[in-house]
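**Student:** quick one, fold the following:
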Amino acid sequence: MKKQFLFASIILSSTLFFACGNNNNSSESNDAEETDEKSVIENLSDAGDAVKGLSGLEKAMKDVETQTNALKAKSPVTNDELKNVLPESLDGLKRKSIRVGDSASLGISTANASYENEDGSKTLDISIMDGAGEAASAITGLAFYGFNTDSEEISDDRTEKTTEFKGQRAKLTESKYNEELTSTIEWIQKKRYLMKIEGKTYTIDQLGNLMDKLNLDKLPE
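**Tutor:** As a prediction, this is how the structure comes out:
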């Protein structure tokens, strides 16, 4: 935190230094004086905006630190608790596979499930990572930062955006390959679980509707 305040002081000091330097040279003419006065005001305004940005960053860092520490003190959920979240069928697609405990040796609880229709033309993949515990809380802490930053990237065959979605922060991705659409939603459930749902031939809105059909209420806080 001290570094942030130091950086803010440097911004203010540098701005005032250059502003005063410009003002000392302004005695040559009234026009120059008016210009320099405007420059001082603009520089001070820019410095104020920078300090506000730092204040917002400081608050975000404190929030993330609080959430991460809370997760670190919790015990990861069991494999059975994760399996209860993933239904045997979803949107008419049958669950073809389910895996839990892949990262148990690291003290991290995870689950993955795959769904598809009879001819495999539509598929869904869902993954969950519990952010509780020493290792997982560090990963989730980084994710908090990522999801709280608005960003957008657009190319010919891919759109990626981090924004507000269904009342929470989420990363939304849509991509096309040979005209086949694949969409992905990533978010943090209950400020604890890293969630990802990916669907072939699904739009973002269609995947959003499926989020509500998962048994996420069964996950402990």
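**Student:** Asp130 and Leu106 touch, don't they?
**Tutor:** No: contact criterion CB atoms under 8 Å: Asp130 and Leu106 do not qualify, at 11.7 Å. Glycine gets a C-beta too; all of them are placed from N, C-alpha and C.
**Student:** who has more neighbours, the two?
**Tutor:** Using other CB atoms under 10 Å, the more surrounded residue of Asp130 and Leu106 is Asp130, with 27 against 13.
**Student:** run through the residues that contact the more buried one.
**Tutor:** Asp130 sits next to Pro76, Val77, Leu82, Ile108, Ser109, Thr110, Ala136, Arg192, Tyr193 when contact means CB atoms under 8 Å, 6 or more residues apart in numbering.
**Student:** got the CA coordinates for stretch 114-124 in CSV?
**Tutor:** In CSV, the C-alpha atoms belonging to stretch 114-124 read as follows (Å, rounded to 0.1, in the frame of the first residue of the first chain):
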residue,chain,number,x,y,z
SER,A,114,-19.2,-33.4,-20.1
TYR,A,115,-22.6,-33.6,-21.8
GLU,A,116,-23.7,-34.3,-25.4
ASN,A,117,-26.7,-35.2,-27.5
GLU,A,118,-27.0,-38.5,-29.4
ASP,A,119,-25.1,-37.5,-32.6
GLY,A,120,-22.6,-35.3,-30.7
SER,A,121,-23.6,-32.2,-32.6
LYS,A,122,-24.3,-30.3,-29.3
THR,A,123,-21.9,-30.5,-26.3
LEU,A,124,-21.6,-28.9,-22.9
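**Student:** and that stretch, what's buried?
**Tutor:** Residues Ser114, Tyr115, Glu116, Lys122, Thr123, Leu124 are the ones in stretch 114-124 that count as buried (16 or more other CB atoms under 10 Å).
**Student:** and that stretch, what's its mean pLDDT?
**Tutor:** Here stretch 114-124 scores 95 as its mean pLDDT.
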